[in-house]
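Trainee: Sharing a sequence plus its predicted fold:
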Amino acid sequence: MPSAGRWKCNFTIMLAVCGAAIAADSSRLPDYRRGAQLHDDACTGCHGPSMYSRPYHERNPYFTVRKQVEIWQNFVGMGWDEQQIADVAFYVQKRFYEKSCEQGGC
Ligand code: HEC
């Protein structure tokens, strides 16, 4: 029966497509440790964490951590890609703004 063969083929394609989508998705999750490393290499030379406790950061809706990381990595010429910006923004957000990583593990 020809239709059985077609179904099998479609199923294989579906698995491949879904598998790829899942793999791509998990690689896009921000990584705290990688963010910490990049941040310490690139951002702590000029200023310490006090940079992140200015009250107007929370009041200004246009001030987002992601945007700041993007601007500053550009300023110092790091040339980070989307993934690296996301990693550092995640780290800065968790560690310095939410202060939810004080005890180490995130
Ligand atoms: C070459 C030195 C230098 C490096 C490296 C650097 N910065 Fe800065 N940063 C500055 C200066 C200068 C200011 C402005 C001074 C101020 O606002 O007190 C600043 C300000 C900031 C601010 C506050 C902006 C505001 O409006 O309050 C943030 C957030 C920031 N930097 C994040 C970063 C991040 C993230 C990195 C790493 C990608 C980084 N900086 C690396 C020099 C640097």
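Mentor: Good, I have the coordinates. Numbers count the residues shown, from 1 in each chain.
Trainee: For the rest of this, base every contact and every neighbour count on C-alpha atoms.
Mentor: Fine.
Trainee: Buried residues of stretch 86-98, list them for me.
Mentor: Ala86, Asp87, Val88, Ala89, Phe90, Tyr91, Val92, Gln93, Lys94, Arg95, Phe96 (16 or more other Cα atoms under 10 Å).
Trainee: Could you export those residues as TSV, including pLDDT and secondary structure?
Mentor: Shown next, in TSV, are the buried residues of stretch 86-98 (pLDDT from 0 to 100; DSSP: H, G, I helix; E, B strand; the rest coil):
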residue	pLDDT	secondary structure
Ala86	97	helix
Asp87	97	helix
Val88	97	helix
Ala89	96	helix
Phe90	95	helix
Tyr91	95	helix
Val92	94	helix
Gln93	93	helix
Lys94	92	helix
Arg95	91	helix
Phe96	91	helix
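Trainee: Pull up the gap between the nearest residue to Arg28 once chain neighbours are set aside and the ligand, please.
Mentor: Leaving aside its sequence neighbours, Arg28 sits nearest to Gln83 (Cα to Cα, 6 or more residues apart in numbering; 6.5 Å). Using Cα to the nearest ligand atom, to the nearest Å, Gln83 is found at 13 Å from the ligand.
Trainee: now do Thr64
Mentor: 9 Å.
Trainee: which ones are touching that residue?
Mentor: By Cα atoms under 8 Å, 6 or more residues apart in numbering, the contact list for Thr64 reads His57.
Trainee: switch to 10 Å and redo it
Mentor: Thr64 makes contact with His57, Glu58, Glu70, Ala89, Gln93 under the criterion Cα atoms under 10 Å, 6 or more residues apart in numbering.
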